[in-house]
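> predicted structure and sequence below. I'll ask about it afterward.
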Amino acid sequence: MDILKQLVREEKEIDREVRQRIKSYSKKILEGTPEWRILYNRIYEDALKRRGLL
């Protein structure tokens, strides 16, 4: 059960990190748009790779 809690915690941390990175872009990208989703998925995948989870 602790492993599951740790995975959920890491997922939330990564989500927060990804959203913060998107917000920091000079170009305003609205959440929910196809551009935002593509960017979110790309950054999320990179974060997983950096943490050795992918």
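Arrived safely, thanks for sending.
> on the three-state scheme, residue 30 is what?
coil (DSSP: H, G, I helix; E, B strand; the rest coil).
> residue 50 versus that one, what's the distance?
Distance of residue 30 to residue 50, given as CB to CB, to the nearest Å: 26 Å. Heads up, the C-betas are built off the backbone N, CA and C, glycines and all.
> then residue 15?
In terms of CB to CB, residue 15 sits 14 Å off from residue 50.
> related to what we said a few turns ago, quick one, which of residue 30 and residue 50 is more surrounded?
More crowded of residue 30 and residue 50, by other CB atoms under 10 Å: residue 50, with 11 against 7.
> any idea how far residue 28 is from the more buried one?
26 Å.
> got it, and residue 10?
On the measure of CB to CB, residue 10 and residue 28 end up 28 Å apart.
> between the two, which is the more surrounded one?
residue 10 (14 against 7).
> so that one touches residue 51, yeah?
Yes - shown here, residue 10 and residue 51 form a contact pair, counting by CB atoms under 8 Å, at 7.0 Å.
> in this structure, which spans are helices?
2-23, 34-50 (DSSP state H).
> will you turn those into CSV that also has mean pLDDT?
Listed next are the helices of the chain as CSV, based on pLDDT from 0 to 100:
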stretch, mean pLDDT
helix 2-23, 94
helix 34-50, 96
